[in-house]
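Participant: Here is the input, now give the coordinates:
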Amino acid sequence: MKRGTPAVAFLLVILFFFLLLRSARVVPAGHVGVVDLFGKVRTEALPPGLHLVNPLATVHRMSVQTNEVKETMETPSS
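Facilitator: The predicted structure is shown next:
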């Protein structure tokens, strides 16, 4: 067995965990994730939760929450 073998194995394990952590993406509740890889957007959106995606991809979070706008009508009194 060569002397450098444990060091190479250690580097491979570190690389594996780095790619695994880079692949895990969280989409919070009230949002969807849009996956973009080199300018090409996937047709389906990611629902809320934990997802594994390509480590090179970018996940853009888009809010799908609705906002209620209340409008009051004030008439001037004469």
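Participant: Surely residue 59 is within a helix?
Facilitator: No: using DSSP: H, G, I helix; E, B strand; the rest coil, the assignment for residue 59 is strand, not a helix.
Participant: Would you list the phi and psi of residue 6?
Facilitator: Backbone geometry at residue 6, expressed as degrees, to the nearest 10, gives phi -60, psi -40.
Participant: need the contact list for the spatially closest residue to residue 62 that is not a sequence neighbour.
Facilitator: Using C-beta to C-beta, 6 or more residues apart in numbering and skipping residues adjacent in sequence, the residue nearest residue 62 is residue 32, 5.4 Å away. For every residue, glycine as well, the C-beta is placed using N, CA and C. Neighbouring residues of residue 32 by C-beta atoms under 8 Å, 6 or more residues apart in numbering: 45-48, 61-62, 64.
Participant: now residue 32: how far from residue 38?
Facilitator: According to C-beta to C-beta, to the nearest Å, residue 32 stands 21 Å off from residue 38.
Participant: Same question for residue 51.
Facilitator: In this view, residue 51 and residue 38 are 19 Å apart by C-beta to C-beta.
Participant: Can you select the buried ones from the contacts of residue 32 in ChimeraX?
Facilitator: Buried subset of those, written as a ChimeraX selection, criterion 16 or more other C-beta atoms under 10 Å:
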select :46
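Participant: what's the distance between whatever helix or strand residue 19 lives in and the middle of its chain?
Facilitator: Using DSSP states H and E, residue 19 maps to helix 5-23. Centroid separation between helix 5-23 and its chain, computed with C-alpha atoms, centre = their mean, to the nearest Å, is 22 Å.
Participant: pLDDT value on the closest residue to residue 38 other than its chain neighbours, please?
Facilitator: Of all residues not flanking residue 38 in the chain, residue 56 sits nearest, at 7.5 Å (C-beta to C-beta, 6+ apart). pLDDT for residue 56: 91.
Participant: what's the answer for residue 20, then?
Facilitator: Among the per-residue scores, residue 20 shows a pLDDT of 91.
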